[in-house]
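Asker: What would the 3D arrangement of this be:
(5 chains)
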Amino acid sequence: MTMAAEQPGYGSRSQRRHWFSRRLAIARRRLPRVLGLVRPGHLPGIELEELAGMASKPGPVHITCTDYCAEQCQVQEVTDIGAFLESHRPAWSAVRWIDVDAVTDMQVIHALAEKYNLHPLAIEDVLDLNHRPKVEQYQAEGRYQARLFLIVRMLVLDGGRLRSEQTSIFLGHNTVLTFGESAGHVWDPVRQRLQARGSRLRSNDASFLMHALIDTMIDSCFPILEHYGDRLEEVEVSVLERPSPGAIQEIHALKRELLLFRRAIWPMREVLSSLQRETHDCLSETTRTYLRDTYDQTVQIIDIVETYREVAMGLTETYMTAMSNRLNEVMKVLTIIGTIFIPLTFLAGVYGMNFRHLPELEWRWGYAAFWVVSLVMAVAMLAWFRLRRWL
Amino acid sequence: MTMAAEQPGYGSRSQRRHWFSRRLAIARRRLPRVLGLVRPGHLPGIELEELAGMASKPGPVHITCTDYCAEQCQVQEVTDIGAFLESHRPAWSAVRWIDVDAVTDMQVIHALAEKYNLHPLAIEDVLDLNHRPKVEQYQAEGRYQARLFLIVRMLVLDGGRLRSEQTSIFLGHNTVLTFGESAGHVWDPVRQRLQARGSRLRSNDASFLMHALIDTMIDSCFPILEHYGDRLEEVEVSVLERPSPGAIQEIHALKRELLLFRRAIWPMREVLSSLQRETHDCLSETTRTYLRDTYDQTVQIIDIVETYREVAMGLTETYMTAMSNRLNEVMKVLTIIGTIFIPLTFLAGVYGMNFRHLPELEWRWGYAAFWVVSLVMAVAMLAWFRLRRWL
Amino acid sequence: MTMAAEQPGYGSRSQRRHWFSRRLAIARRRLPRVLGLVRPGHLPGIELEELAGMASKPGPVHITCTDYCAEQCQVQEVTDIGAFLESHRPAWSAVRWIDVDAVTDMQVIHALAEKYNLHPLAIEDVLDLNHRPKVEQYQAEGRYQARLFLIVRMLVLDGGRLRSEQTSIFLGHNTVLTFGESAGHVWDPVRQRLQARGSRLRSNDASFLMHALIDTMIDSCFPILEHYGDRLEEVEVSVLERPSPGAIQEIHALKRELLLFRRAIWPMREVLSSLQRETHDCLSETTRTYLRDTYDQTVQIIDIVETYREVAMGLTETYMTAMSNRLNEVMKVLTIIGTIFIPLTFLAGVYGMNFRHLPELEWRWGYAAFWVVSLVMAVAMLAWFRLRRWL
Amino acid sequence: MTMAAEQPGYGSRSQRRHWFSRRLAIARRRLPRVLGLVRPGHLPGIELEELAGMASKPGPVHITCTDYCAEQCQVQEVTDIGAFLESHRPAWSAVRWIDVDAVTDMQVIHALAEKYNLHPLAIEDVLDLNHRPKVEQYQAEGRYQARLFLIVRMLVLDGGRLRSEQTSIFLGHNTVLTFGESAGHVWDPVRQRLQARGSRLRSNDASFLMHALIDTMIDSCFPILEHYGDRLEEVEVSVLERPSPGAIQEIHALKRELLLFRRAIWPMREVLSSLQRETHDCLSETTRTYLRDTYDQTVQIIDIVETYREVAMGLTETYMTAMSNRLNEVMKVLTIIGTIFIPLTFLAGVYGMNFRHLPELEWRWGYAAFWVVSLVMAVAMLAWFRLRRWL
Amino acid sequence: MTMAAEQPGYGSRSQRRHWFSRRLAIARRRLPRVLGLVRPGHLPGIELEELAGMASKPGPVHITCTDYCAEQCQVQEVTDIGAFLESHRPAWSAVRWIDVDAVTDMQVIHALAEKYNLHPLAIEDVLDLNHRPKVEQYQAEGRYQARLFLIVRMLVLDGGRLRSEQTSIFLGHNTVLTFGESAGHVWDPVRQRLQARGSRLRSNDASFLMHALIDTMIDSCFPILEHYGDRLEEVEVSVLERPSPGAIQEIHALKRELLLFRRAIWPMREVLSSLQRETHDCLSETTRTYLRDTYDQTVQIIDIVETYREVAMGLTETYMTAMSNRLNEVMKVLTIIGTIFIPLTFLAGVYGMNFRHLPELEWRWGYAAFWVVSLVMAVAMLAWFRLRRWL
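Answerer: Prediction:
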């Protein structure tokens, strides 16, 4: 992976510190916010009329419609949404999946919302790209059909930054609508499997497609976990072998990112758990069995994230203790030097005094005696230090 | 925002410290208390007679009555509460909303309590402005009508201080009574929407109005969260780059304020959760669907507050470790200087002694030898430091 | 309040330290114990016969009997318990409340236990003054009548010490028995309200009286909370502005006292919660409604205590960081002084040596050059310190 | 108590340190293990045949059989278990209690297991002396009779060491079997009460005897709690007044012992809780009422242990802060001395130089001026220290 | 055990540090990962066809088939899986247990999966060797039979490293399939017991065999716990008596390994708990009774691990405090030496000055006076230190 190229060389300390700092710079400015669509004083929910009045955002959008049944599968790029929605679905189509890969063009959303009678609250959630993953059942009520509405978030490691992209999924009896956050090709593997003759995906119903989409999202967490595991082990080695000041910044960054990771994955667990528990017309029994498997994976991911967080927390303590050890060592050296030489310096000072009557200065062996006394004192000190186990 | 103007210039350290201190001064004296209406030895609940005997507090009060149905809406300022309550409500009025924006005038409260048969316990709660958010169902019992009684608190960031204002809401079948804490215009956006022709608000029932009021309150938390997020990131940068002594005070203040924030928002979650669960005559099904959305937002807010708190907690540790690093660095410098020069000073002292018989002093190259020995010792020390990785 | 008189003057440090120490002395020896009536090898429960054989404890005891109905109320001090219990209760008396303010006289307890058929386990609990608050239902069984038995504890701040006094309450259909811990006048406000004509208390049943007693106890917590809030804010200011060594002792004392406070109030919450949930013959519906209010207050108290504890915990960290900052500052000064002067002293030592051949000493501008070199070195050091941001 | 004799004299520091160390030595090697009867690869449960083949352990064993009914009670020491089990129980005996005080003699256990049809799993639990307290219901199934099987542990403070002894109790309809861990007289108080005419114990059924046994065990915790409370208060005083290095070892030992205490008492709470909840043929209603009381005591014990642990945890923090304070103080002294004298020493060094041209040396008032300058510098430094609040 | 040979000699410090480092090296690179069979973009579950296409991994595999009933037992090594599966099971065989000790040979797995109709999701779980322990009920549905599918993990201490090996167990009515992780003889003790005439294992059903397998796995945890207990006590002694820098690394390693241990054992508890709760056709009542015992053991293991972790956590704090104590001691020595000699050195410097007019130098008793003053100052300092309890 290209990630490997980023590993610090362990060569010089300044290099490593630099490398940590670069990472830190990347880590900055990433506390979660909720500002997306909050319009204080406005009612939640966006009615069709309001939607019509909203301005589209710049950026490309691709609409892909996939019709399939056990026997065949047809993928088409939709360019004229109006014309497309007016035409009828082919009779052989067991499941129709319309994927809008970015919610920029309000006209597209308006057209789909009108055609499929989406609930105003759900429309608002689709447009608000900072939503917490959730699952909601819209029961058939008035003009609204029974639908399962999901918001899921896919974790992406983007240049070292943890980002999550929102996907909204509407699940009907034989229709799946998905709205992504930004134009891209995240669903290509699923589409390829759909096109493969005799794939298990094709012979199942719409809810099974939904499961495949969620499963793809959860799978994408594993390389990210791997990335954090590598970084954690790397800092651990650095802290235990030679603690550098940059390490604490890396630990701080790791703790924060793991916190955000957990915060992002936790509601996915809730979503999968409630999908398993609840019964809904649109959810087949087979899908439920497979969702249990995806749920298990999510539990395992959370488990590992928690383990990482505890290790990171323990690492801070270990780091502080290592620092404290170092300080002790440094101070011991100073103390040993000081304790030996400060008294000796005093002694030398004494015989540097200019008193007229300073008898020792006249002695024949005065100077030799001075050295003997000095050496005895130094040796005595060293012996005392050894006794106290400072050496 | 004006908040931006408050940002420290990062220019000089003294400036920043000053700025942190100012904030600290603001933060002081803000631990929560419960002293409002506690009258030890008194029974809880205020009967109408007792209410009549209570003195009004100074301060203005505005009473606004809004009558509306799908077709029309009429807002009137009430000045004479007695006359107003005696007159009949217009026949077209589907919902009547009486808003008292401050609970200062006891006569007003007495008149409304009498007219709408409010429960003594509820009256006391309305007057006690330090109440925890809660929802209570008063079932029809004797002269009391079935009512839903809510206490909610709106968070306000007032000059950097987190304050919460209480609003009491009585929800009847087609009547909503609201009592605010201090005169102000918090409900103006709601009133404007009511006056807009064809608004969703107008075509729904009284409980939907209650939802709109709560939603407005929850929405007001977002800029406050944003404010804390900014401050947290700012301190984080400061701690990671150059830890100043003022930062710890800011971290402490932030931790405390986030604690109070959480304490204020948490019971709102409970209120919304129980509103969703319970069934009550006055709560329509539509309102319940919309309350679910508001509940989701509250959960998200709590989520973010918890994330902020964990980051702030990790920051204290990081700060201490950074401090410890700095101390290590400082001590290393002292130790290096001391370890090199203290022995050399001793040596110089030795040859400054005035012994009559000190042979080295007479040597031709004595002085040069002294320098050579000194340099060798200094270089040896430096080499040893490098070996121990202190340099 | 007299409490205000205790506030430290912030004048001199020694004064403050003294003040903190005094408080500490007060705080000592206050860990909770359970030794009251534990008699290893004995069966729990005290039978009437055993009770008869137990020795009375010294100390006064007052027995007050209050009979009331909606129309009238009569309070009598009972001196001869035997005679009193033999006489009949007045016919008009709706509720009879017998209050024994200290459990010292075993004869009194024996007489009441016999008259009202108290359960042996309940009698033991009445005598054991270290009991955890609890509520127990004694169903009618054999000679025992259906009764609700409560142990509640009232928090008292006694000379800065948190103490809790136990009160045992027996609630029958129209009788309330209360046993206090020590002679005093805690119930005087309740008795006064009973004597007030037309009071709500008088027109309700025996369980409502029980509620009034519990409510009085809970209300007494508020000034104590206020006291801790004041102390906490005071220490907070002290820690943030100029951390003194005494502060850590005060924080420790505060944390410990808040721990005991929480420990004392927490079971009260459970008692109130189970009173609300359970149905019992003796509990009227009105009382239950009012108990909900008292329960809310207890929750609020616990909420505030938890907030205080978290603030206190954060304060320890802040204190340690402040200490660490101070140490850094102190060490920096020493290091700066040392780093500048130690090399210079060496230099001065060099030219104080008595080598015969020391050419610099003979130079014309030797001395001036020495000063120049010294100044350059000092300035270079200072520049370097500024570069590292130590100045 | 003899424990009091162990209290340190507070006289000299070395004495106290010695005392702490001795305690520490006692505390060592006491982490809980589970090695008793684990036989990897073996099936759990011990069949009668297996039991017959197991070797007895050395050590005395006493078997005491107590038969009683309301009217009389007979205690006999059993020496020949075979003969005893063959003889019939007296007709008047309402309850038979066979107490085996040590599980060393396999023949005894085999005989009882055969006679009373004990379940293989229960037999294994009886022999494994490291078992967690638990309660199990063996329903009548095949040859096994309905029985309640309990494992309880009695806490003993043995020369400062916390130890727990296991007792296994089989409760039948009118039979109680108890198996102790080591020969002793723990049940003597219960037996004495049984022999007392008219005791409550005698007039109740077998389950009431079981309650009396458990109650005796729980009561034995109180002096141990008292012991820990004393030690904790003692260390607390030591830490707050003059923190000695030995204190941290004592705190560590206390924390660990309280951890083990909690670990030992917690499952007792579960046992008592499930005894209260479950209904079983052998458990009478009266016993259940009394068990509630014992349960309350256990909750109180756990409550106090938790309080102690939190205090001990807070104490570590307080200790570290106190240490940090001390370091600050020590460093301040060094810094003050250093900062004043290091520059002065340099100055003295300057005028000790032997430059030929050193004009100040020739001045009339040079020496006096030197002292003046020195004093001014010293005073200036002191003033600066006072300004920074270091003095 | 060989483990004992690893114990450090406590001889020299360098030896111990070396020993700790070696351990650390062992501890490295062991954070849990989940990479086994994750194939992003693939559907979970492996169909028979897919399995057929997968490549076998290198390494030996042994297939052992054990048929038994109460009367007899036959063990055979299977070499040709195809031939074996085609032949019929002997009529007397009550339970057939097929054990595959390594999942390397895809053909073997394919053959068994086809024969016993294993579910695609279960097959994937068997192949993924990093799975979390779990229990799943596959109800009879279509061609799939009712089966209980378990994944359990056996903890192994491999050269000081904690490793866990996965075993997948399929339980049918009279068939047990087990798939191990690597070739080995873990089940030999169970097989031996099966071959022993009259063993309890043989007279029970297939689910009882499953219980025996799980029980063997749980039993294998005890020596590992013992190992950690030893290491913990060893570090504890080291920290409390003479804290070495290597100890913190050992504590860190221990904390991390205990974390992994807990993480590995916790889901086993869940598995056993759900096996007890759920009813399933294949689970006999007897097995359930015995599983309760195994569950109790697991709870005890978790209990001990938690205790160890808390002790280890307390140890870090104790270590830091001990370090802090040491620093204090070191600094005290430096400060005492410095405070005594720095002023004296200054004094000696003063009388080493060459001022022409320095009257003291001329005094008769000047030199003697110097020593007197020096001694008085030193003694005064020492007295002051004793006063402050530094000595």
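Asker: can you give me the strands for chain A?
Answerer: Here chain A has its strands, by DSSP state E, at A:63-68, A:73-78, A:95-100, A:134-138, A:147-158, A:161-171, A:175-179.
Asker: so which of the ones you listed comes closest to E:Met154?
Answerer: strand A:147-158 (32.6 Å; C-beta to C-beta). From N, CA and C alone the C-beta is placed, and that goes for glycine too.
Asker: any idea how far A:Gly229 is from the spatially most central residue of chain A?
Answerer: What sits nearest the mean C-alpha location of chain A, by C-alpha atoms, centre = their mean, is A:Phe261, with 3.7 Å. Distance of A:Phe261 to A:Gly229, computed by C-beta to C-beta, to the nearest Å: 12 Å.
Asker: give me the number of residues near A:Phe208?
Answerer: A:Phe208 has 22 neighbours, counted by other C-beta atoms under 10 Å in any protein chain shown.
Asker: mind listing what it touches?
Answerer: When contacts are counted by C-beta atoms under 8 Å, 6 or more residues apart in numbering or on different chains, A:Phe208 touches A:Leu201, A:Ser284, A:Thr286, A:Thr287, A:Tyr290.
Asker: surely the residue nearest to the centre of chain A meets A:Glu306?
Answerer: No: assessed by C-beta atoms under 8 Å, A:Phe261 is found out of contact with A:Glu306, at 10.5 Å.
Asker: Mean neighbour count and mean pLDDT for the strands of chain A - can I get that in a markdown table?
Answerer: Compiled in a markdown table, these are given as follows (neighbours: other C-beta atoms under 10 Å in any protein chain shown; pLDDT from 0 to 100):
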| stretch | mean neighbour count | mean pLDDT |
| --- | --- | --- |
| strand A:63-68 | 20 | 92 |
| strand A:73-78 | 14 | 90 |
| strand A:95-100 | 23 | 92 |
| strand A:134-138 | 18 | 83 |
| strand A:147-158 | 20 | 86 |
| strand A:161-171 | 21 | 87 |
| strand A:175-179 | 22 | 93 |
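Asker: between these, which one is nearest to E:Ala247?
Answerer: E:Ala247 lies closest to strand A:161-171 among these, at 35.4 Å (C-beta to C-beta).
Asker: and that closest one, anywhere near chain B?
Answerer: No: under the criterion of C-beta under 8 Å from any C-beta of the partner chain, chain B is not reached by strand A:161-171; the shortest gap measures 13.0 Å.
Asker: Name all residues that make contact with A:Arg132.
Answerer: Applying C-beta under 8 Å, 6+ apart to A:Arg132 gives the contacts A:Ile151, A:Pro267, B:Asp296, B:Val299, B:Gln300, B:Asp303.
Asker: what are the phi and psi values for it?
Answerer: Here is the backbone geometry of A:Arg132 (degrees, to the nearest 10): phi -70, psi 140.
Asker: Break down the stretch 251-391 of chain A into its helices, ranges please.
Answerer: Using DSSP state H, counting those that start in this stretch, the helices of the stretch 251-391 of chain A run over A:285-350, A:366-387.
Asker: could you measure the nearest residue to A:Phe385 once chain neighbours are set aside against chain C, distance?
Answerer: For A:Phe385, ignoring the flanking residues on the chain, the nearest one in space by C-beta to C-beta, 6 or more residues apart in numbering or on different chains is A:Leu391 at 5.0 Å. Separation of A:Leu391 from chain C (C-beta to the nearest C-beta, to the nearest Å): 24 Å.
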